[in-house]
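> Predicted model and sequence follow; I will ask about them next.
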Amino acid sequence: MRSTMMDQPLLISSIIRHAAACHGSTEIVSRVSDGSLHRTNYAEVYERSAKLANALISWGLQSANRVGTLGWNDHRHLEIYYGVSGAGFVCHTINPRLFADQIVYIVNHANDRVLFVDPSFVGLVAGVRERLHSVERVIVMSSANTMPPEAIAAGFECYEEVVAAHNSMFDWPRLDENDAAGLCYTSGTTGDPKGVLYSHRSTVLHALAICTPDVFNLGEGTTVMPVVPMFHVNGWGLPHAAPMVGARLVLPGQKLDAASLYWLTTTEKVTFTAGVPTVWGSLLDWIDENSADIAPLQCVAIGGAACPQIMAERFHKLGVDVIHAWGMTETSPVGLTNRCPASAPTALEGMTHPNQRLKQGKPLFGVETRIVDDNDGPVVHDGTASGRLQVRGPWIASTYFNFPSAQTDGANDGWFETGDIATIEEVGTVEIVDRAKDVIKSGGEWISSVTLENAAMSHSDVYEAAAVARDDERWGERPVLFVVLRPGSTPSKEGLLSHLGTRVARWWIPDEIHFVDELPHTATGKVVKATLRSRLKQ
Ligand code: AMP
């Protein structure tokens with residue numbers, strides 16, 4: 001029997017319509033490409049998204065056509081999110097930190113018809129323009145007086161002129177909620193990047209879920225600063241979640257250095273922010289060096305890579321709650337969160353205990369988790385036994401966009417293979433032990449590179465550490481540690497080894513320690529361990 005409820009689709013356009021209607025004057029502060037701050041609000045973003053939607057229609061775009069963006073976190077990117085998806089097209093965010101060849105591959109694979117480009121990427125796009133076969137027009141996210149001459153020479157159009165030329169009355173279509181709304185390619189550390197197509201439904205449900213109290217706890221009283229880029233997995237859903245609940249938005253643009261982030265946080269009274277560990281490491285160092293405090297900030301979500309225990313402790317000392325979040329491009333991205341309040345003595349106690357690491361947490365309602373062994377058999381959820389983590393849910397990808405071998409790459413019997421190794425407690429708390437391909441197998445036993453790195457990073461001289469396997473005749477593999485020291489520290493292998501000796505099992509102690517100036521990172525801030533492994537082979 002059918003219910004008597006209305007069949008109202010969950011649509012991205014409904015988020016911005018709601019924000020304009022109920023939180024229209026709520027401020028959005030946006031750092032634009034010339035470094036200045038632009039102030040707008042949800043009513044204005046709604047109106048300008050409608051103008052953009054009219055522009056896209058006038059250019060002859062058809063339902064589900066892809067529209068690419070190469071942009072920072074700013075108000076124009078936000079308008080594009082809503083104008084494109086709301087009108088029934090697919091907003092394809094592209095990571096500008098990828099190599100030019102990868103960007104060409106991604107744009108061509110997605111068949112993008114229009115590209116929106118921040119002025120800082122005009123040179124990049126102009127350089128490969130001839131190879132972008134499907135692209136009909138390039139729009140520079142700028143006003144007429146800040147259009148780079150190179151953009152004008154290349155025949156690129158001006159965003160503000162496009163917006164000004166169109167009407168703000170737009171009849172948002174009643175789309176199927178399962179239609180594609182967004183597209184993001186995985187970083188592609190192995191093989192070609194693969195596209196994950198988000199639906200209206202998955203985007204709305206994910207945004208609703210991350211607003212809840214034990215996830216990001218967002219509401220009208222929150223000022224959200226997404227440091228996590230809008231070009232990667234929809235900025236962790238924050239550009240959809242904030243307008244949904246009328247939270248104030250602070251968009252940091254291109255200036256992501258510690259001093260700029262600190263300044264923006266304190267002057268704009270940011271209460272919630274989110275990003276990868278590397279960003280926070282520099283911010284915390286800056287705060288220490290300047291004996292500053294970060295008073296307005298109440299909560300930071302840390303994810304994309306394991307949050308080092310020492311990082312959580314440093315935030316706690318500043319009175320800032322930490323949410324350790326786990327996710328993937330394929331999981332929209334938030335799948336697990338672990339809220340660690342600065343004030344809860346049990347959490348603090350737990351975290352300073354050497355064996356109790358900061359776990360990735362419980363699945364959000366909607367996400368299910370399980371771990372399996374090498375034969376795909378179930379592994380018990382006892383917090384100790386580990387296995388391959390699989391997930392499923394309404395915002396988890398079941399396959400990739402236009403990718404023939406997708407089924408074998410991702411989906412597995414209705415579950416998505418994350419590529420991570422994890423333990424799960426009886427009550428559902430998950431701990432990511434390692435990336436399957438990064439785990440070190442020594443004498444038949446697993447060594448978690450993440451645990452080793454955490455132990456190394458708890459040393460006061462260590463800024464960043466990465467553990468990888470080196471082939472070993474006797475043991476199969478042995479761990480090797482790469483370490484970046486804090487400025488002014490002197491490398492001491494003996495000091496670091498004895499520090500590790502009190503924190504991990506004896507046979508986990510790395511055979512070699514290499515002090516390096518920096519570690520290789522992916523475009524989304526993860527350490528590229530494949531590069532370190534090949535360095536070792538050489
Ligand atoms: P991506 O799809 O590029 O965002 O990468 C997803 C991968 O990042 C996951 O499969 C994990 O290996 C890793 N990751 C994300 N968040 C965390 C976290 N909190 N702890 C450990 N690993 C993480």
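The structure has been received and is ready for your questions.
> CA only for contacts and neighbour counts going forward, please
Will do.
> List the buried residues of stretch 179-199.
179-187, 193-199 (16 or more other CA atoms under 10 Å).
> can you narrow those to ones near the ligand?
186-187 (CA under 6 Å from any ligand atom).
> Among the buried residues of stretch 179-199, name the least confidently predicted one.
Among these, residue 187 carries the lowest pLDDT, at 70.
> separation between that one and residue 218?
28 Å (CA to CA, to the nearest Å).
> Just the pLDDT for residue 485.
Residue 485 is given a pLDDT of 93.
> The buried residues of stretch 179-199: which two are farthest apart?
Taking CA to CA, the two most distant members of the buried residues of stretch 179-199 are 179 and 187; they sit 23.7 Å apart.
> Neighbours of residue 452, how many?
Around residue 452 there are 24 other residues, counting by other CA atoms under 10 Å.
> ok, the residue found closest to it once you drop the neighbours it is linked to in the chain - contacts?
Spatially, and ignoring its direct neighbours in sequence, residue 452 is nearest to residue 467 (6.7 Å; CA to CA, 6 or more residues apart in numbering). Taking CA atoms under 8 Å, 6 or more residues apart in numbering, we find residue 467 in contact with 449-450, 452-453, 479-482.
> again, 7 Å this time
Contacts for residue 467 (CA atoms under 7 Å, 6 or more residues apart in numbering) come out as 449, 452-453, 479-482.
> Going by distance to residue 329, which of the buried residues of stretch 179-199 wins?
Of the buried residues of stretch 179-199, the one sitting nearest to residue 329 (CA to CA) turns out to be residue 186, at 6.1 Å.
> Surely the closest one and residue 328 touch.
No: if you go by CA atoms under 7 Å, residue 186 and residue 328 don't touch, sitting 8.7 Å apart.
> Okay, now the unreliable bits of the stretch 251-400 of the chain?
344-357 (pLDDT under 70).
> Which positions in it make contact with the ligand?
Residues of the stretch 251-400 of the chain lying near the ligand (CA under 6 Å from any ligand atom): 303-306, 324-329, 360.
> For the ligand, what is the nearest residue in the stretch 401-538 of the chain?
residue 435 (5.0 Å; CA to the nearest ligand atom).
> That residue - how many residues pack around it?
18.
> Most neighbours among the residues of the stretch 251-400 of the chain next to the ligand, which one?
Ranking those using other CA under 10 Å puts residue 325 first, with 29 neighbours.
> Please give the three-state secondary structure assignment for it.
strand (DSSP: H, G, I helix; E, B strand; the rest coil).
> Relative to residue 375, how far out is it?
29 Å.
> Could you pull out the helices in the stretch 1-150 of the chain for me?
With DSSP state H, counting those that start in this stretch as the criterion, the stretch 1-150 of the chain has helices at 12-23, 42-58, 75-86, 100-110, 122-128, 149-153.
> and the ones you listed, which is most packed in?
Most buried of those, by mean neighbour count (mean count of other CA atoms under 10 Å): helix 75-86, with a mean of 26.
> So what touches it?
Against helix 75-86 from outside (CA under 7 Å, 6+ apart): 12-13, 30, 45, 48-50, 52-53, 71, 90-91, 141, 172, 181-182, 239.
> let's see 8 Å
11-13, 16, 28-30, 40, 45-46, 48-53, 56, 67, 69, 71, 90-91, 141, 172-173, 181-182, 230, 239, 251.
> quick one on the thing from earlier: Throw the residues of the stretch 251-400 of the chain next to the ligand into TSV and include distance to residue 285, thanks.
Listed next are these as TSV, based on distance: CA to CA, whole Å:
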residue	distance to residue 285
303	19
304	20
305	19
306	19
324	20
325	22
326	24
327	26
328	27
329	29
360	24
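> Noted, bye for now.
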